[in-house]
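**Student:** What shape does this take:
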Amino acid sequence: MKKNAMLLLLTLLAVSCSGKKSTEKKKIVDLPPGNTMQKKVELKSVKTNEKPVKTMKESLTELDKVKKILASFVPTELKYEKSDLPENLRPLLKKLIEAARIMDEIFLIQVNRKNPEIRKEILEKVKSDSDYKSVLDLFDIMAGPWDRLNHNKPFYGKKLKTPGAGFYDTKLTRKEFNLHLATLEQALKTEKDAREKSRIVRELEGLKSLYTVIDRINGKYIFTPYSRAYREQLSKAANILEEAAKLSVEPTMKKFLMSRANAFRDDKYRSSDEDWVELKGKIEFVIGPYEVYEDGLMGYKASFESFITLVDSKYTARLESIRKFMKDMDTNLPYDHKLGQNKGANRPLKVVNELYTAGDTKAGVQTLAFVLPNDEDVRRKKGFKIVLLKNVAHAKFDKILIPIAKQLISDAQIEKITFDSFFTHTLVHEVTHSLGPGIIKADGKETEVRNILKDLYSHLEEAKADIGGLLGVEFLAGKKVLPPEAVNQSYTTFIASIFRSIRFGANEAHGKANLMAFNYFLKARAITFDSKIEKFTIDYRKISAASREFVKELLEVYTSGKYEKAKEFVEKWGSIPHVLKTALKKLSHIPVDIRPIYPLVKELNL
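**Tutor:** Down below sits the predicted model:
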């Protein structure tokens, strides 16, 4: 979770995909300096055992850190083409934003069940001390008191974020949970009683479900469906969606809003996912639980989010010409195609301008694109959508990527960095998420790759889309869908964007993916660093060959069906080399990401 003749958008991602967004991060080394505070400030969070700040020096250090992190997000108005938005859609959009804001409430709890309480405490301090406004602003950006770009290090209080976020009992470990699952699976093999066997199946399904919260009470594992865990919020959101449906004149929008409202009440999302794939009209609206990045314990639980976007009809029409090559692009990937590939019947591509976001997708780094739904059954039956956020991409390209490129890419190659190549690679990146082996045979049974790779899946899937996307650009250029110069432009723009992406934190899904590719290219000497001028040069012949080998090795991990092999691959290529640390030090004055401002909210008086 990009541009001209065939516009697209990949290099800076952070998706749904579906990536998207969300689960892991590494230390930021490029935060700009903040303003020094001349007073003592105690940064202490709810119900923690940390000691209060005792010295002015300590308090200044803590608040300075907050201001530095906050300054790394540059406030940016995300403009949209007002001519694309008919006046009669504004009442509908107002309702959609109301529903989306509820996703913020739920996601805050999903990150940590005490988050609302912590935010309330900070807000009270702001009333008596304006210096806390920066803490509140950063809390809202990060959806909690942990820095998503720095190992989830707490910036308010000292309590660490648990891997299971707010989805699991805070004391539950991965080892314990896996042991319980294994015990149930073994019992299922030997149990003779039909009723008990049915109970075991229900428990396994409930524990692994995308849509349940897990607790452990007196040693007993309890799973609670989202519709009950977040009943108050989801009931309100469902009612608003039904009100919005009455305002819509687009039949497919009415259908989706009604079916998604029902899903909020019964946790059955498949039908409304199918309705969303068939959604038409000027408004592209996403709402519900989708990505599993926030679940750092098992990678099972889906987070609530929302996108409200306005279709850019001009660029969407251009991108449609790519669709007919998706099957060929899959064939072009280096893996054993006898394992099969899950292809949807319909693959609508859209370029949109973002009007509003909420929940998971809004936290931390802003995504450039998303591919939904994630349900493989829906994809096989209905397909999926690739939605590219053009105004977000352009903002990041202008304010972040170009300044980074001027610092770290050789002068002779800087001219190859274009918004067109950036946007184009994003589209191909998103297409590539849907290519390759999605379901394989493991222990004689068909299973989704994501279930085997668990917490490592997001790292590897983003790497597949990144570098497989570069192979896709080469393929499309070979078919004359893209101009010949698009290949080297895409490689150059991608390398430049690696530095931006890794600044998100090298443990975040997209950052880790880029880091693995960077190390692979570095070893292959596809990129070299001139220590005298402190800039990188790309060898285009070597980087093409290295890209194919990287994807080949990665997809062998997919088809192996072995978690251990995935772990070995990530550990081998996922550490930050010294040369990269040196390079990142040059970027301290450049923002890490944008902090979106949505003009429509003001226009609608919300």
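**Student:** what about the stretch 351-500 of the chain, any weak spots by pLDDT?
**Tutor:** Within the stretch 351-500 of the chain, no range satisfies pLDDT under 70.
**Student:** switch to 90 and redo it
**Tutor:** Screening the stretch 351-500 of the chain residue by residue with the criterion pLDDT under 90, one finds the ranges 365, 368-369, 371, 383-386, 398, 419-420, 423-424, 426-451, 481, 500.
**Student:** can you map out the strands along the stretch 201-350 of the chain?
**Tutor:** Per DSSP state E, counting those that start in this stretch, the stretch 201-350 of the chain carries strands over the ranges 212-217, 220-225, 283-289, 304-311, 349-359.
**Student:** For residue 145, find the nearest of the ones you listed.
**Tutor:** strand 349-359 (17.6 Å; C-beta to C-beta). Placement of C-beta: from N, CA and C, glycine included.
**Student:** Contacts only, for residue 84.
**Tutor:** With contact set as C-beta atoms under 8 Å, 6 or more residues apart in numbering, residue 84 has these partners: 282, 310, 311, 312, 313, 353.
**Student:** related to what we said a few turns ago, what's the closest of the strands of the stretch 201-350 of the chain to residue 66?
**Tutor:** Smallest distance to residue 66 across these (C-beta to C-beta): 23.0 Å, for strand 349-359.
**Student:** how far off strand 304-311 does that closest one point, in degrees?
**Tutor:** In this structure, strand 349-359 runs at an angle of 140 degrees to strand 304-311, with axes from the mean of the first three to the mean of the last three C-alpha atoms, to 10 degrees as the basis.
**Student:** how distant is strand 349-359 from the center of its chain?
**Tutor:** Going by C-alpha atoms, centre = their mean, to the nearest Å, the spacing between the C-alpha centre of strand 349-359 and its chain's C-alpha centre is 14 Å.
**Student:** now do stretch 536-554
**Tutor:** For stretch 536-554, the distance from its own C-alpha centre to the chain's C-alpha centre is 25 Å (C-alpha atoms, centre = their mean).
**Student:** neighbours around residue 171, how many?
**Tutor:** Other residues near residue 171 come to 9 when the count uses other C-beta atoms under 10 Å.
**Student:** leaving aside the residues next to it on the chain, what's closest to it?
**Tutor:** Sequence neighbours aside, residue 216 is the residue nearest to residue 171 in space, at 7.5 Å (criterion: C-beta to C-beta, 6 or more residues apart in numbering).
**Student:** residues contacting that neighbour?
**Tutor:** By C-beta under 8 Å, 6+ apart, the contact list for residue 216 reads 169, 171, 172, 222.
**Student:** if you set the cut-off to 10 Å instead, what comes out?
**Tutor:** By C-beta atoms under 10 Å, 6 or more residues apart in numbering, the contact set of residue 216 is 168, 169, 170, 171, 172, 176, 177, 180, 222.
**Student:** And for residue 103, nearest residue in space, chain neighbours not counted?
**Tutor:** On the basis of C-beta to C-beta, 6+ apart, the spatially nearest residue to residue 103 that is not a chain neighbour turns out to be residue 359, at 3.6 Å.
**Student:** To what extent is that neighbour buried, counted in neighbours?
**Tutor:** For residue 359, the count of nearby residues is 29 (other C-beta under 10 Å).
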